[in-house]
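**Student:** This is the structure alone, sequence omitted:
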């Protein structure tokens, strides 16, 4: 059985909904708490590649830290990745991965795109 990986924030209702969705589909998964400081730039770059997204596309632009520090910033992709590593709240969530495919599960039903 294929194993999913979910980049999860327990305080996020959308993230909790993604776990519930996977449970209801009887899918096994590994939870990654990306906010604990263990996420590396290389890992995030790999996730972005699977999502087929640029770093800036994965930024949560509604976050206070974005508005305070990055709203008008003109950063390179590497600098955006570094910003997300330093400020994990900036990362859009939840991210669900299966093999080489990934989605930002907003709405939750987007997970079906990688099943």
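**Tutor:** Received the coordinates, thanks. Quantities reported herein were computed from a predicted structural model and do not represent experimental measurements.

**Student:** List the contacts of residue 21.
**Tutor:** 105, 108, 109, 111 (Cβ atoms under 8 Å, 6 or more residues apart in numbering). C-betas here are computed from N, CA, C, even on glycine.

**Student:** go again using 10 Å as the cut-off
**Tutor:** Residues near residue 21 by Cβ atoms under 10 Å, 6 or more residues apart in numbering: 6, 27, 94, 96, 105, 107, 108, 109, 110, 111, 112.

**Student:** do residue 109 as well
**Tutor:** Per Cβ under 10 Å, 6+ apart, neighbours of residue 109: 17, 21, 103.

**Student:** so the second one is in which element?
**Tutor:** Residue 21 is part of helix 13-24 when elements are defined by DSSP states H and E.

**Student:** After that helix, which helix or strand is next?
**Tutor:** By DSSP H and E, the next helix or strand past helix 13-24 is strand 28-32.

**Student:** Just the angle for that next one relative to helix 13-24, thanks.
**Tutor:** Following axes from the mean of the first three to the mean of the last three Cα atoms, to 10 degrees, one obtains 160 degrees for the angle between strand 28-32 and helix 13-24.

**Student:** strand partners of strand 28-32, parallel vs antiparallel please.
**Tutor:** strand 3-7 (parallel) (DSSP bridges).

**Student:** who touches the partner strand?
**Tutor:** By Cβ under 10 Å, 6+ apart, strand 3-7 touches 15, 18-19, 21-22, 25, 27-35, 39, 43-44, 47, 50, 88, 91-99, 102, 104-105, 111, 114-115.

**Student:** can you give me how far it is from the chain middle?
**Tutor:** Relative to the mean C-alpha coordinate of its chain, strand 3-7 is positioned 10 Å out (Cα atoms, centre = their mean, to the nearest Å).

**Student:** Repeat that for stretch 92-103.
**Tutor:** 7 Å.

**Student:** taking the mean pLDDT, what do you get for it?
**Tutor:** Average pLDDT, stretch 92-103: 97.

**Student:** Could you pull out the strands in this structure for me?
**Tutor:** 3-7, 28-32, 95-98, 101-104 (DSSP state E).
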